[in-house]
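1. all I have is the shape, not the residue letters:
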């Protein structure tokens, strides 16, 4: 009985898609007049059932999926990134400014307690983010 539960829980933690490392060289180049934002969430069982939307200036652009990475090309400017709280009031938020030709990385991760959860968001330095996304599944990419 326990093995069935563990198998079911493990399936919540995985998403379908090619690993970033495999697609990295075939991803389209960033157009010179745009910026690129990577949104990603490391794989893990803790909080894997919590999959809220990721909002960019109030518009849904992705979901916080464990083991997934999204790429979004944007015009230069100021952006508010938010993740609505699932069981806590309010939302996690951060503001970023992106310039033409610039790439930013935003990591989401499960937080909270064993009884209630939320998704945390933070900007991550490029070198660290590139290590963390190598084996994550690319959910979408600009074409």
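-> Structure received. This is a predicted model, so every value here is computed, not measured.
2. where does this structure have low pLDDT?
-> 1-14, 45-49, 86-90, 112-117, 141-143 (pLDDT under 70).
3. swap in 50 and give it another go.
-> 1-13, 143 (pLDDT under 50).
4. which residues in it form helices?
-> All helices of the chain, identified by DSSP state H, fall at 2-13, 20-23, 126-133.
5. at which residues are the strands of the chain located?
-> Along the chain, counting by DSSP state E, strands occupy 35-41, 53-56, 59-63, 68-74, 77-84, 91-98, 103-112, 117-124, 137-140.
6. report the buried residues of the second one.
-> Taking 16 or more other C-beta atoms under 10 Å as the basis for neighbour counts, the residues of strand 53-56 that come out buried are 54, 55, 56. (Glycine included, C-beta is placed from N, CA and C.)
7. I'd say the last one and residue 80 touch.
-> Yes: in this structure, residue 56 is within contact of residue 80 by C-beta atoms under 8 Å, at 7.5 Å.
8. partner residues bridging the nearest residue to residue 130 once chain neighbours are set aside?
-> Closest residue to residue 130 apart from its sequence neighbours, by C-beta to C-beta, 6 or more residues apart in numbering: residue 105 at 8.0 Å. Legend: beta-bridge partners of residue 105 under DSSP bridges are residue 38, residue 124.
9. burial of residue 105, as a residue count?
-> A total of 21 residues lie near residue 105 under the criterion other C-beta atoms under 10 Å.
10. and residue 139, by the same measure?
-> Counted with other C-beta under 10 Å, residue 139 comes out at 19.
11. could you single out the nearest of the buried residues of strand 53-56 to residue 119?
-> Using C-beta to C-beta, residue 54 comes nearest to residue 119 of these, at 8.5 Å.
12. could you list every residue that touches the nearest residue to the closest one once chain neighbours are set aside?
-> Distances taken as C-beta to C-beta, 6+ apart place residue 62 nearest to residue 54, at 4.3 Å, with adjacent residues excluded. Contacts for residue 62 (C-beta atoms under 8 Å, 6 or more residues apart in numbering) come out as 39, 53, 54, 70, 72, 139, 140.
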